[in-house]
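# got a structure for you, letters missing:
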């Protein structure tokens, strides 16, 4: 069960929550996978998603890449969620730290994921600290960029179908960085 560390109702109407917990257990319309461009889900968040949701997620991802080619950094693709409680997995490809223009690329990955959520008319989404694991993006900066990008997307898309955006991390320190950024960028926590 996830623990809510920060909860704010955005001026745009959505609930923004930072939670510490297992992304694969999130009961939302879609979870976001911190993916690589080949959608090869071997380790980190991606590996955990396939282990929990079933190999069909990897099979569908491989089929997606065969049909469309690799997912460019800063973009996203969507597949089913196998046995996960979510309906979909949105595979967002963030940058590897040190490749240049990382903040813009990470913000683009978040925007791409949220755009796909809107295209599928989803109401809830949960995303991890994209790029902040094996891709080496500094965790505090990743939290700042992800929350800022989500806020910008919601402000720029008043027609969004999203009613809840969650930032979910199993790592306590990373989850705390996200809680701090949610409070800083969206205002004081409120009760649901």
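Yes, it's here. Everything numeric here is computed off the predicted structure, so don't read it as measured data.
# Residue 153: neighbouring residues, count only.
22 (other CB atoms under 10 Å). Placement of C-beta: from N, CA and C, glycine included.
# how far away is it from residue 127?
Shown here: residue 153 relative to residue 127, a distance of 12 Å by CB to CB, to the nearest Å.
# ditto for residue 164
Counting by CB to CB, the gap from residue 164 to residue 127 is 12 Å.
# now do residue 57
16 Å.
# More neighbours: which of the two?
Shown here are residue 57 and residue 127; by other CB under 10 Å, residue 127 has more neighbours (29 against 25).
# and residue 21, what is it in contact with?
Contacts for residue 21 (CB atoms under 8 Å, 6 or more residues apart in numbering) come out as 1, 2, 3, 168, 170, 175.
# An error on my part: the question was meant for residue 114.
If you count contacts by CB under 8 Å, 6+ apart, residue 114 has them with 125, 150, 153, 154, 157, 160, 162, 165.
# what about burial for these, which qualify?
125, 150, 153, 154, 160, 162, 165 (16 or more other CB atoms under 10 Å).
# any idea which helix or strand of this protein has the worst average confidence?
helix 44-53 (a mean of 93; mean pLDDT, DSSP states H and E).
# Please name the nearest non-neighbouring residue to the residue nearest the centre of the chain.
With distances taken as CA atoms, centre = their mean, residue 127 lies nearest the centre of the chain, 2.4 Å away. In space, residue 127 comes closest to residue 32 once its chain neighbours are excluded; the distance is 3.6 Å by CB to CB, 6 or more residues apart in numbering.
# Which phi and psi values does the one you found adopt?
Torsion angles at residue 32 (phi, psi; degrees, to the nearest 10) stand at phi -100, psi 130.
# got it, and residue 91?
According to degrees, to the nearest 10, residue 91 has phi -90, psi 100.
# Nearest spatial neighbour of it, chain-adjacent residues omitted?
residue 35 (3.8 Å).
# residue contacts, residue 17?
With CB under 8 Å, 6+ apart, residue 17 has these contacts: 4, 6, 7, 8, 164, 165, 166, 167, 182.
# Adding distance to residue 45, pLDDT and secondary structure, write those residues out as JSON lines.
Output for the contacts of residue 17, formatted as JSON lines (distance: CB to CB, whole Å; pLDDT from 0 to 100; DSSP: H, G, I helix; E, B strand; the rest coil):
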{"residue": "4", "distance to residue 45": "20", "pLDDT": "96", "secondary structure": "strand"}
{"residue": "6", "distance to residue 45": "21", "pLDDT": "96", "secondary structure": "strand"}
{"residue": "7", "distance to residue 45": "23", "pLDDT": "95", "secondary structure": "strand"}
{"residue": "8", "distance to residue 45": "24", "pLDDT": "95", "secondary structure": "strand"}
{"residue": "164", "distance to residue 45": "20", "pLDDT": "98", "secondary structure": "strand"}
{"residue": "165", "distance to residue 45": "17", "pLDDT": "98", "secondary structure": "strand"}
{"residue": "166", "distance to residue 45": "14", "pLDDT": "98", "secondary structure": "strand"}
{"residue": "167", "distance to residue 45": "13", "pLDDT": "98", "secondary structure": "strand"}
{"residue": "182", "distance to residue 45": "19", "pLDDT": "97", "secondary structure": "helix"}
